[in-house]
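okay, here's the prediction I keep looking at, along with the sequence it came from:
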Amino acid sequence: RFLDILNPDAMYMGQKDFQQFQVTAELLRQIKSPTRLVMGATIREKDGLAMSSRNMRLSEEERAIAPRISKALFNAKAKMGSKSIDEIKAEAIAELDIPEFTFEYFEIADGRTMLPISSFDDAETVVACTAVHLGPVRLIDNVIFKSVIDTRRLAEDVMKVWNVKDLRKIRAVYGDNAEFFDPLLEKPIKGNAILNYAKGIYEAFPDLIFEIQDIAVGPDFAMAQWVQKGKQTGPIMGKPASNRYIEIPATSVLRFDETGQIISHRDYWDMKKFLKDLFG
C-alpha cells in the first residue's frame, strides 16, 4: 500500500538486514512492482563490527568482544573453495561458541530463497548469516560469499540517474568509498565531492544529456559507450558561458561490489575536443 501511494523509482535497504531485503524483493516480484530495490553495503567500524544503534547499549567489555562476530563471518568466507559448507559452519560456530555470547544461529544459505544449502554450487548467490546475544543485545550480521549482479541494468541505471539530474539519487548510487574520475578532474573524488562536481556540471550545461550507444558487461563491471550533448550556458573551469554546443563520445568503466553499488566510476573522453568545441 505504501509503495502504491508513493510510487517511488527505487527503495533502499541495508545489507545488514539481508533477510528482510530478500523478503521485500520477493514481494516486489510477486506484485510486479516497477520500484527498484537497492541494497546498500553494510557500514562497519574500524574493527569490523557492523554499525548499529544497538552497539550503544553494549558495555565497554562487551563492545571489545563484539567484533568476533564479523571475524567469524569473514574467516568463513575465506574458506570457500577449500572446505565444505558443513566444515565451514562447524568452525564458525566454534568461533562464536564462547561464554560471553548466547549463540542463536549461523547459516549459509541461498541468497534469494534464504534456504540452507549443502554446496556452493546450489545457488548463484550465497550468504552467511548469524545472530548472537551479547548481554542484553541481539546482534546480527552477514557476509555475501558470492553473487550474480545485473551489471547491464546497473550501468543503465547510472546513466538514467545522471540524466535526471537529481543529486540525491546520484548520492544513493555511489557507495561512501566509491571513486569517480573524469578528464575534468585532477584526481579521483569520493562522497559529497561527487555531488559538488555534478552540481557544477549541471550549472554549466543545464540541458546536458547522456545517450547510451552500447554496453559491454562482466561479472562485476560494465563499460558503457555514450555521447554527452548540451549547451554551455553557465561557467566552467573558471571560464564564463560560451553558449556553444558540445557533442562528445565517451566511455564509462564502472565497477560494482557484490551489492550492486558502484565502487569505481571512470570516464574517458577527448578533453582536447571538449575545450576546442567550447572555447575555440
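Looks like it arrived, so ask away.

let me see the ranges of the strands in the chain.
Counting by DSSP state E, the chain has strands at residues 10-14, 36-40, 101-110, 126-134, 137-146, 174-181, 209-217, 221-231, 245-256, 262-269.

who are the packing partners of the fifth one?
Where contact means 3 or more CB pairs under 8 Å, 6 or more residues apart in numbering; DSSP states H and E, strand 137-146 is packed against helix 68-78, strand 126-134. Every C-beta, even on glycine, is put in place using the N, C-alpha and C of the backbone.

can you list the strands of the chain in a markdown table and add distance to residue 202 and mean pLDDT?
Rendered in a markdown table, the data for the strands of the chain read as follows (distance: least, CB to CB, whole Å; pLDDT from 0 to 100):
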| stretch | distance to residue 202 | mean pLDDT |
| --- | --- | --- |
| strand 10-14 | 20 | 85 |
| strand 36-40 | 22 | 82 |
| strand 101-110 | 42 | 97 |
| strand 126-134 | 38 | 97 |
| strand 137-146 | 34 | 96 |
| strand 174-181 | 15 | 86 |
| strand 209-217 | 11 | 95 |
| strand 221-231 | 10 | 96 |
| strand 245-256 | 14 | 96 |
| strand 262-269 | 16 | 95 |
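
highest average neighbour count across those?
strand 126-134 (a mean of 21; mean count of other CB atoms under 10 Å).

export the helices and strands packed on strand 137-146 to JSON lines and tack on distance to residue 205?
Output for those, formatted as JSON lines (distance: least, CB to CB, whole Å):
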{"stretch": "helix 68-78", "distance to residue 205": "44"}
{"stretch": "strand 126-134", "distance to residue 205": "42"}
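
and of those, who's closest to residue 9?
strand 126-134 (26.0 Å; CB to CB).

partner strands of that closest one and their direction?
strand 101-110 (antiparallel), strand 137-146 (antiparallel) (DSSP bridges).

mind putting those into JSON lines with distance to residue 189?
Shown next, in JSON lines, are the strands paired with strand 126-134 (distance: least, CB to CB, whole Å):
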{"stretch": "strand 101-110", "distance to residue 189": "37"}
{"stretch": "strand 137-146", "distance to residue 189": "27"}
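
between the strands of the chain, which one is closest to residue 53.
strand 137-146 (10.3 Å).

what residues does that closest one touch?
Residues from elsewhere that reach strand 137-146 (CB atoms under 8 Å, 6 or more residues apart in numbering): 15-18, 42, 50, 52, 54-55, 57-58, 62, 66, 69-70, 73-74, 76-77, 80, 104, 108, 111, 120, 124-133, 258-259.

those residues, buried ones only, as a ChimeraX selection?
Buried members of these, defined by 16 or more other CB atoms under 10 Å, are picked up in ChimeraX with:
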select :15,16,18,42,50,52,55,58,62,66,69,70,73,76,77,108,111,125,126,127,128,129,130,131,132,258,259
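
residue 243 - how many residues pack around it?
Neighbour count for residue 243, taken as other CB atoms under 10 Å: 9.

try residue 68
Neighbour tally, residue 68, other CB under 10 Å: 20.

pretty sure residue 274 contacts residue 249?
No: applying CB atoms under 8 Å as the test, residue 274 and residue 249 come out as separate, 11.0 Å apart.

what do those two both touch?
By CB under 8 Å, 6+ apart, no residue touches both residue 274 and residue 249.

quick one: which of the strands paired with strand 126-134 is nearest residue 245?
So among the strands paired with strand 126-134, strand 137-146 is nearest, using CB to CB, at 44.9 Å.

list phi and psi for residue 42.
phi -70, psi 130 (degrees, to the nearest 10).

per-residue pLDDT, it?
On pLDDT, residue 42 comes in at 89.

distance of it from residue 246?
40 Å (CB to CB, to the nearest Å).

which intervals of the stretch 51-200 of the chain have sub-threshold pLDDT?
175 (pLDDT under 70).

if we use 90, what do you get?
124, 147-150, 153, 168-177, 191-192 (pLDDT under 90).

touching, residue 38 and residue 15? I think so.
No: under the criterion of CB under 8 Å, residue 38 is not in contact with residue 15, lying 10.6 Å apart.
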